[in-house]
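Chemist: Have a look at this prediction, sequence included:
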Amino acid sequence: MDAYIYLKIFWFLILGILLMGLAIMVGMDMGVGTLMRFVGKTDGERREALNIVGPHWDGNQVWFILGGGAIFAAFPTLYATSFSVFYIVMILLLFSMIMRPVAFEYRSKVPSHRWRDSWDWVFLISGALPMIVYGAAMGNILEGVGFHFGWDGQYYQTESFIWYLLNPFAILCGVLSLSLAIYQGGTMLMIRGSGALYDRARNYASVGGVAALVLFVIGGFMVSGMKGFQLITGDPGMPANPVSGQTVTLANGAWMANYSAHPILWLVPLLGLAGMVLGVLALRANKPTLGWWMGALAWIGTIGAVGTSMFPFLMPSTDNINQSLTVWNSTGSEYNLIWMTIFGLIFLPIIISYTTWCFRVMRGKVAAPDTQDDHAY
């Protein structure tokens, strides 16, 4: 097999790892923000929740940058097209992400109930909305997106972004993503919280885990019955040219073809199911650290199942199915991927090591901050 093809597959896998890391680490922070108004009944308890993720939330945003950077550099055609297709959704996402750090810095600066309650609503919205968008985007991509290219490569969009947000399958995927974030966030609150905050977090995290399990199973049945995309002809070594060079067909159940061809791939969604089931059991047994790792496994299985079902597709087109973006026609040049691989092998382990070190150094229970403590959130 040509080295260029190996590089394309390698970066498809790296993109999947980055999306999983984003979901696990950022989803945990978003889950805490979503839950804060519910697990914290007093201002002290809410400040305790904020200070549990306070040392980590900004560092975890690196996974956003890594994911976007990988798409930009390794899959330039996908980057340009997807950011255009989801432009308005991206603006909503960015607005909520901008408000989040502002809320962290401003919430506890004024000792006013109305002031702090207003910022708590900002935490709820800026925590829930990004995770709903994250899951809904994956649902949209599984269904296919209304775009095509002209003869000169010009991009055209023919479907309203409202349909992306409001169709039932996308909503299900968005709620699934939010449920997993609530589970992961609640688990983190259990690991570093105590007392009433711990008990409430366990209850909400358990509900999130059960909801994710039910939605994941329902979503699996929906995917198995929907029309999927199947690549009939296409050169894996082709350049980034979505206008010509491949033939695609639509067929009921096509997203399950990879599982039929390689039954061992069923282990991927089964990992997700196992993570959700074992995670909820671990939380009920008061083993939140084990529950956190099971939540990570649930995210890995969920996102891995999407990638396994879709490969080699990245963003199918419902307008012109032959112009669907795949791993073969949307990656950068071989020279580009070689340098990306070199830098990725250097910096990705550094980021993982840094994240591990931060969590190790800042481990332990967090007490409610003193009302006069200006250094706490």
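Modeler: Sure thing, it's come through.
Chemist: pretty sure residue 137 contacts residue 92?
Modeler: No. Taking contacts as C-beta atoms under 8 Å, residue 137 lies outside contact range of residue 92: 11.6 Å. Any C-beta I mention is one placed from the backbone N, CA and C, and that applies to glycine too.
Chemist: shouldn't residue 206 be in contact with residue 284?
Modeler: Yes. With contact defined as C-beta under 8 Å, residue 206 counts as touching residue 284 (6.4 Å).
Chemist: When those two are compared, which one has more neighbours?
Modeler: Using other C-beta atoms under 10 Å as the criterion, residue 206 and residue 284 rank with residue 206 on top: 21 against 14.
Chemist: Who are the contact partners of that one?
Modeler: 183, 186, 280, 283, 284 (C-beta atoms under 8 Å, 6 or more residues apart in numbering).
Chemist: That one - that's part of a helix, no?
Modeler: Yes. Using DSSP: H, G, I helix; E, B strand; the rest coil, the assignment for residue 206 is a helix.
Chemist: quick one: average confidence on stretch 225-232?
Modeler: What stretch 225-232 shows for mean pLDDT is 91.
Chemist: For the remainder of this discussion, apply numbering that starts at 442.
Modeler: Right, with 442 as the first residue, what we last looked at is stretch 666-673.
Chemist: Please identify the buried residues of stretch 623-637?
Modeler: Across stretch 623-637, burial judged by 16 or more other C-beta atoms under 10 Å covers 623, 624, 625, 626, 627, 628, 629, 630, 631, 632, 633, 634.
Chemist: Do me a favour and average the pLDDT over it.
Modeler: Stretch 623-637 comes out at a mean pLDDT of 92.
Chemist: Now render the contacts of residue 647 as CSV, adding distance to residue 568.
Modeler: Output for those, formatted as CSV (distance: C-beta to C-beta, whole Å):
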residue, distance to residue 568
624, 13
627, 12
721, 21
724, 20
725, 24
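Chemist: From the neighbour counts alone, determine which of residue 578 and residue 533 ranks first.
Modeler: Set residue 578 next to residue 533 and count neighbours by other C-beta under 10 Å: residue 578 wins out with 24 against 15.
Chemist: Look up the closest residue to that one, ignoring the ones flanking it.
Modeler: residue 527 (6.3 Å; C-beta to C-beta, 6 or more residues apart in numbering).
Chemist: For the one you found, give its distance to residue 487.
Modeler: To residue 487, residue 527 is 32 Å away according to C-beta to C-beta, to the nearest Å.
Chemist: and if you look at residue 443?
Modeler: Distance from residue 443 to residue 487, by C-beta to C-beta: 56 Å.
Chemist: between these two, who's got more neighbours?
Modeler: Higher neighbour count among residue 443 and residue 487: residue 487, with 24 against 11, using other C-beta under 10 Å.
Chemist: didn't that one look like it was pressed against residue 476?
Modeler: No. Using C-beta under 8 Å, residue 487 is not in contact with residue 476; the gap is 10.2 Å.
Chemist: hmm, back to that, now flag whichever of the buried residues of stretch 623-637 is closest to residue 470.
Modeler: residue 626 (7.2 Å; C-beta to C-beta).
Chemist: residues in contact with the closest one?
Modeler: Residue 626 sits next to 468, 469, 470, 471, 472, 473, 474, 475, 476, 494, 568, 646 when contact means C-beta under 8 Å, 6+ apart.
Chemist: Likewise for residue 721?
Modeler: The contact partners of residue 721, by C-beta under 8 Å, 6+ apart, come to 647, 650, 651, 654, 732.
Chemist: Point me to the helix or strand that includes it.
Modeler: Element membership for residue 721 (DSSP states H and E) is helix 708-725.
Chemist: Only the buried residues of that helix, if you could.
Modeler: 709, 710, 712, 713, 714, 716, 717, 719, 720, 721, 723, 724.
Chemist: how about these in TSV, adding pLDDT and distance to residue 761?
Modeler: TSV is the format used below for those (pLDDT from 0 to 100; distance: C-beta to C-beta, whole Å):
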residue	pLDDT	distance to residue 761
709	96	30
710	95	30
712	96	35
713	95	32
714	96	36
716	96	38
717	96	37
719	97	43
720	96	42
721	96	44
723	96	47
724	95	47
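Chemist: so which of those would you say is closest to residue 752?
Modeler: Minimum distance to residue 752 across the buried residues of helix 708-725 is 11.0 Å, recorded for residue 709 (C-beta to C-beta).
Chemist: How about that closest one, nearest residue that isn't a chain neighbour?
Modeler: residue 745 (4.4 Å).
Chemist: what sits against residue 738?
Modeler: By C-beta under 8 Å, 6+ apart, the contact set of residue 738 is 712, 713, 715, 716, 719, 720.
Chemist: Redo the residues you listed as a markdown table? Include distance to residue 547.
Modeler: As requested, these are exported to a markdown table (distance: C-beta to C-beta, whole Å):
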| residue | distance to residue 547 |
| --- | --- |
| 712 | 40 |
| 713 | 37 |
| 715 | 41 |
| 716 | 36 |
| 719 | 39 |
| 720 | 34 |
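Chemist: ok, how many other residues are close to residue 552?
Modeler: Residue 552: 10 surrounding residues under other C-beta under 10 Å.
Chemist: Before we move on, what's the pLDDT of it?
Modeler: Model confidence at residue 552 (pLDDT) stands at 82.
Chemist: so residue 572 sits right up against residue 468, yeah?
Modeler: Yes. Here residue 572 reaches residue 468: they are 6.0 Å apart, a contact under C-beta under 8 Å.
Chemist: Comparing the two, which shows the higher neighbour count?
Modeler: Shown here are residue 572 and residue 468; by other C-beta under 10 Å, residue 468 has more neighbours (31 against 27).
Chemist: Tell me which residues are up against the host helix or strand of that one.
Modeler: Assigned by DSSP H and E, residue 468 belongs to helix 468-480. For helix 468-480, contacts defined as C-beta under 8 Å, 6+ apart pick out 486-487, 490-491, 493-494, 497-498, 501, 541, 561-562, 564-565, 567-569, 571-572, 575, 618-619, 621-630, 638, 641-642, 645, 649, 740.
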